[in-house]
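>>> need the 3D shape of this:
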Amino acid sequence: EGDFWVGSAGNGIARIRESLFHALGPAAGLPGKVARSVCVDAQGQLWAGTMAGGLARWQNGRFAPLSLPLPDATPAESVTVFPAADGGLWVGTLNQGLMRWRDGKFTRQPVSWNTIRVLFGDREGRLWVGGLVNLLCLDHGQIKNYGSADGFVDGHAIGAMAEDADGAFWIVTGPGDLWK
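As a prediction, this is how the structure comes out:
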């Protein structure tokens, strides 16, 4: 539809459409004031993860929260979302690991740590998972952890990941380092 979605630190999510700016926050059902992550899946549904640990999708003019399957009584923190290349949604949390939403249900994805900050899918269909001090790639069912042996300095929080027009993969870490 040509929309541009922006997550904010304290005012929810904003939609910009043809010069119109519309903020969507708790009054619209967003489960928290701070949007951590926003994405649109292959079916065109808008999803939002919040710093407060909430997950919601936009339905019928408002956000509908979904309960995450938590293995213990510890609430989820800082939810990040990314559309899965083959349908569904990837969901990461700062303390409850990686999950996948598909066909109306969640499945846990086994990874070696639970502190997930950033999710990114590249043009090859791989899912990159950035954590507090880790980086891994889920490549069509195979998991590869990256560290100093691969030329990546582990121990830094992953802040953002992106792929440029030439296919180069970029990573920003907590100290402000930019990796290619």
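>>> lowest-pLDDT helix or strand in the protein?
Least confident helix or strand, the chain: strand 20-24 with a mean of 74, by mean pLDDT, DSSP states H and E.
>>> paired strands for the helix or strand just after it, with orientation please.
Downstream of strand 20-24, the first helix or strand assigned by DSSP states H and E is strand 35-40. Strand 35-40 has its sheet partners listed here by DSSP bridges as strand 46-50 (antiparallel).
>>> only the buried residues of the partner strand, if you could.
46-50 (16 or more other C-beta atoms under 10 Å). Backbone N, C-alpha and C define where each C-beta goes, glycine included.
>>> and stretch 118-130, by the same measure?
118-122, 126-130.
>>> kindly report the same for stretch 85-98.
Buried-residue list, stretch 85-98, by 16+ other C-beta under 10 Å: 85, 88-94, 96-98.
>>> pLDDT, distance to residue 23 and secondary structure for those - can I get that in CSV?
As requested, the buried residues of stretch 85-98 are exported to CSV (pLDDT from 0 to 100; distance: C-beta to C-beta, whole Å; DSSP: H, G, I helix; E, B strand; the rest coil):
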residue, pLDDT, distance to residue 23, secondary structure
85, 85, 30, coil
88, 92, 28, coil
89, 96, 23, strand
90, 97, 26, strand
91, 97, 23, strand
92, 96, 25, strand
93, 94, 25, strand
94, 91, 24, coil
96, 90, 28, coil
97, 92, 31, strand
98, 94, 29, strand
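>>> quick one: which of those is nearest to residue 167?
residue 85 (15.5 Å; C-beta to C-beta).
>>> so the closest one sits against residue 128, correct?
No: using C-beta atoms under 8 Å as the test, residue 85 is too far from residue 128 to be in contact (11.9 Å).
>>> residues shared between the contacts of the two?
residue 121 (C-beta atoms under 8 Å, 6 or more residues apart in numbering).
>>> could you point out which residue ranges in the protein have low pLDDT?
1, 19-21, 154 (pLDDT under 70).
>>> related to what we said a few turns ago, in strands, which of the buried residues of stretch 118-130 appear?
118-121, 127-130 (DSSP state E).
>>> need the max-distance pair from these.
121 and 130 (12.4 Å).
>>> how far off centre is stretch 149-159?
19 Å (C-alpha atoms, centre = their mean, to the nearest Å).
>>> adjust the sequence numbering to begin at 732 for everything that follows.
Yep, numbering from 732; the last one is stretch 880-890 now.
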